[in-house]
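Visitor: Any chance you can model this:
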Amino acid sequence: MLNVQDGYSLVVNNTAPDPDVPMTPKDFAADARSVLDAIEELAAGRNPDADRRRLPDGLAGALDLHRTGMFGWSKGGTATAYTMLTDTRVRAGLSFDGPMAPTVTADLDRPFMMMTGVFTRAEDTDVAGFWSHLTGWRLNVQPDGAVHTCYTDIESLMPQVAK
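Guide: The predicted structure follows:
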């Protein structure tokens with residue numbers, strides 16, 4: 001699975017994001033597609049690194065792009081949706097409290113699960129709009145008392161840091 005964290009980007013090309021320009025979920029989705037391209041190269045037995053080094057024995061046969069899922073938290077959840085809309089190699093998605101903005105206006109026919117806290121269908125029109133475009137299997141889980149950070153390791157790490 002690919003994990004896209006809010007505020008971080010998977011960059012596999014030779015360019016780096018401009019630190020003065022905030023990255024959007026669509027930028028994260030483009031990065032995720034670059035990662036999928038690299039995985040596809042590895043699965044075919046080609047090394048996508050600059051030196052084209054020989055791959056470790058067995059790596060090519062171990063990768064299966066027909067069983068790829070993606071998940072993300074916050075903007076990463078939105079990036080998961082955008083990646084799936086533009087790349088059918090991602091077969092299933094999971095959003096951990098993604099804001100789903102800018103508004104998703106295309107249908108998504110593959111399995112998608114949302115675990116919400118702050119960005120809920122009842123409270124956020126972008127999330128409600130995205131939900132209406134899910135035409136495949138879908139599930140929305142909203143635990144009682146869930147907040148945005150519930151889906152990160154902050155919940156367990158912050159008390160340790162505070163000590």
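
Visitor: which residues of this protein fall in helices?
Guide: 25-43, 59-62, 75-86, 125-132, 154-162 (DSSP state H).

Visitor: got the angle for the first one vs helix 75-86?
Guide: Between the direction of helix 25-43 and that of helix 75-86, the angle (axes from the mean of the first three to the mean of the last three C-alpha atoms, to 10 degrees) works out to 60 degrees.

Visitor: First-to-last residue distance for stretch 84-95?
Guide: Start and end residues of stretch 84-95 are separated by 12 Å (C-alpha to C-alpha, to the nearest Å).

Visitor: just stretch 83-90 next, same as before
Guide: 7 Å.

Visitor: buried residues in it?
Guide: T83, M84, L85, D87, R89, V90 (16 or more other C-beta atoms under 10 Å). In this view, the C-beta of every residue, glycine as well, is placed from N, C-alpha and C.

Visitor: now the fifth one: how far from G61?
Guide: Spelled out, that is R89. 18 Å (C-beta to C-beta, to the nearest Å).
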